[in-house]
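# This is the structure alone, sequence omitted:
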Ligand SMILES: [Zn+2]
């Protein structure tokens, strides 16, 4: 159910106009989107996922190079 902003009457979710006063409902439902967590922890997590394998591969390459030298 959604509530009309103009008369306060309730209508079906699918209805595009209020059956009480005939006003158009807004196109977007008034369900507030919860913003995605963008704190430092979330940023750090995405960065870790992004660069998860990079440093390990670099270390392995360095080890192989060093083992060739010695
Ligand atoms: Zn209404």
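Nice, thanks for sending it over. Fair warning: this is a prediction, and the values are worked out from it, not measured in the lab. Numbering: from 1, shown residues only.
# Around the ion, which positions in the chain sit nearby?
4, 6-7, 9, 18, 20-21 (C-beta under 5 Å from the ion). Every residue, glycine included, has its C-beta placed from N, CA and C.
# buried subset of the residues you listed?
4, 18 (16 or more other C-beta atoms under 10 Å).
# Select from the residues of the chain next to the ion every entry located in helices.
Among the residues of the chain next to the ion, none falls in helices (DSSP state H).
# May I see the residues of the chain next to the ion organised as TSV, with distance to residue 40 added?
Formatted as TSV, the residues of the chain next to the ion follow (distance: C-beta to C-beta, whole Å):
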residue	distance to residue 40
4	42
6	43
7	46
9	45
18	45
20	48
21	48
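# Make sure I have this right: residue 26 is in a strand.
No - assignment of residue 26 by DSSP: H, G, I helix; E, B strand; the rest coil gives coil, placing it outside any strand.
# Next, residue 41: phi, psi?
Per-residue torsions, residue 41: phi -70, psi -40 (degrees, to the nearest 10).
# Can you lay out the residues of the chain next to the ion as TSV showing pLDDT?
Output for those, formatted as TSV (pLDDT from 0 to 100):
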residue	pLDDT
4	90
6	90
7	95
9	93
18	93
20	94
21	95
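# okay, and the helix or strand of the protein with the least pLDDT?
Counting by mean pLDDT, DSSP states H and E, the chain has its least confident helix or strand at helix 40-50, which shows a mean of 69.
# give the contact list for the nearest residue to residue 12 once chain neighbours are set aside.
Distances taken as C-beta to C-beta, 6 or more residues apart in numbering place residue 1 nearest to residue 12, at 6.9 Å, with adjacent residues excluded. Shown in contact with residue 1 (C-beta atoms under 8 Å, 6 or more residues apart in numbering): 10-13.
# Now with 10 Å, please.
When contacts are counted by C-beta atoms under 10 Å, 6 or more residues apart in numbering, residue 1 is found next to 10-13, 15.
# Where strands are concerned, which of those count?
Within the contacts of residue 1, residues falling in strands by DSSP state E are 10-11.
# With pLDDT as extra columns, can I get the contacts of residue 1 in CSV?
Shown next, in CSV, are those (pLDDT from 0 to 100):
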residue, pLDDT
10, 93
11, 93
12, 92
13, 89
15, 90
